[in-house]
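J.: Sequence unavailable; structure follows:
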């Protein structure tokens, strides 16, 4: 990695926080040999914003998310997450974010209480804080008296809610949600979004990918990637107006039809 790339991505954390910018990306790029998976994308996400990050399979959204989570070093460009540099401060990024995928990241053979305690320890909470979080989450999720139940015995919807609660147990600046509602019914999906709204109201930034275009309507702003580039970024209302569409599904289809590649 050239030093110029690192120098370009050095940002004053205090200044960013004052501006309320929790994620910044400037010409962020990731190449694998001759294949450009993410092609000079630029955007900003504000504190407490619910930011939808959409794209068909192969569009590059997973690669972009991995860079923002500190799991993959960019080829070039600049980016900060929670004020930390994606080139040089990946461990700091990991400490200040939460992450949840469609698989929920829970340990099926541990109890509800054991999962909360485990992740609280992973995120560096004190024993006192962990016990407080256990009591708080059990109350919020209406799971008092069931803390010794194995996660594998929970209904899918409850696993989903527990996984989200565990992902933000350390009160991160940002939580990344990678298609978190896949495979659950519409009512449970809507209940899950209530948890997202609650987290957002507390100042947690929510960065979410989804295949459900009705969920894109719930976001403050939406970015749509095509062939590694951001082809559209605005509020759902503005995007529907811009593309003369009645729904975000129509917007997405109009942009996705431009795609050339099928994988990556």
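T.: Cool, the structure landed. Being a predicted model, the structure only gives us computed values, none of them experimental.
J.: As a check, name the ranges of all helices in this protein.
T.: 3-8, 13-19, 61-68, 90-95, 112-122, 127-140, 156-167, 186-201, 213-216, 236-242, 248-256 (DSSP state H).
J.: which one of those lies closest to residue 207?
T.: Judged by CB to CB, the one of the helices of the chain that comes nearest to residue 207 is helix 61-68, at 7.3 Å. The way it works is simple: take the backbone N, C-alpha and C, and place the C-beta from them, glycine included.
J.: who touches that closest one?
T.: Defining contact as CB atoms under 8 Å, 6 or more residues apart in numbering, one finds that helix 61-68 is touched by 23, 25, 28, 30, 37-38, 41, 53-55, 72-74, 79, 81, 86, 93, 176, 178, 207, 209, 225, 264.
J.: rerun that using 7 Å as the cut-off
T.: When contacts are taken as CB atoms under 7 Å, 6 or more residues apart in numbering, the neighbours of helix 61-68 outside the stretch itself are 23, 28, 30, 37-38, 41, 53, 55, 72, 74, 79, 81, 86, 176, 178, 209, 225.
J.: ok so, going back, mean pLDDT lowest where, among the helices of the chain?
T.: Per-segment confidence across those bottoms out at helix 3-8, which has a mean of 38 in mean pLDDT.
J.: Skipping its backbone neighbours, what lies nearest residue 150 in space?
T.: residue 111 (5.8 Å; CB to CB, 6 or more residues apart in numbering).
J.: pLDDT score for the one you found?
T.: At residue 111, the predicted lDDT confidence score is 96.
J.: what pLDDT does the most centrally placed residue in the chain get?
T.: The centre of the chain sits closest to residue 176, judged by CA atoms, centre = their mean, with a distance of 1.8 Å. pLDDT for residue 176: 96.
J.: before we move on, what about the one 3 residues further on?
T.: Confidence at residue 179, expressed as pLDDT, is 88.
J.: what's the distance between the residue lying closest to it once chain neighbours are set aside and residue 177?
T.: Computed as CB to CB, 6+ apart, the closest residue to residue 179 that is not its neighbour in sequence is residue 102, at 4.6 Å. From residue 102 across to residue 177, the span is 9 Å (CB to CB, to the nearest Å).
J.: Can you give me the neighbour number for residue 229?
T.: Using other CB atoms under 10 Å, the number of residues around residue 229 comes to 16.
J.: my read: it touches residue 42, true?
T.: No: counting by CB atoms under 7 Å, residue 229 sits too far from residue 42 to count as a contact (10.1 Å).
J.: What separation do you get for the closest residue to residue 260 other than its chain neighbours and residue 38?
T.: Across the structure, with CB to CB, 6+ apart as the measure, the residue nearest residue 260 apart from its sequence neighbours is residue 227 (5.5 Å). Per CB to CB, residue 227 is found 10 Å from residue 38.
J.: which one of those two has more residues nearby?
T.: A direct count of neighbours by other CB under 10 Å for residue 227 and residue 38 places residue 38 higher, at 28 against 18.
J.: That one touches residue 29, doesn't it?
T.: Yes: using CB under 7 Å, residue 38 is in contact with residue 29, at 5.8 Å.
J.: Just want the phi and psi numbers for the residue nearest to residue 179.
T.: Here the main-chain torsion angles of residue 102 (degrees, to the nearest 10) amount to phi -60, psi -30.
J.: Kindly provide the distance from it to residue 181.
T.: For residue 102 relative to residue 181 (CB to CB), the value is 8 Å.
J.: of these two, who's got more company?
T.: When residue 102 and residue 181 are compared for neighbours, residue 181 comes out ahead with 23 against 18, by other CB under 10 Å.
J.: ok, back up a step: how about the helices of the chain, which one is nearest residue 49?
T.: helix 186-201 (7.3 Å).
J.: Against which helices or strands is that closest one packed?
T.: With contacts defined as 3 or more CB pairs under 7 Å, 6 or more residues apart in numbering; DSSP states H and E, the secondary structure elements packing on helix 186-201 are helix 156-167, strand 205-209.
J.: most tightly surrounded among the ones you listed?
T.: Mean neighbour counts were compared across the helices and strands packed on helix 186-201 using mean count of other CB atoms under 10 Å; the top stretch is strand 205-209, at a mean of 24.
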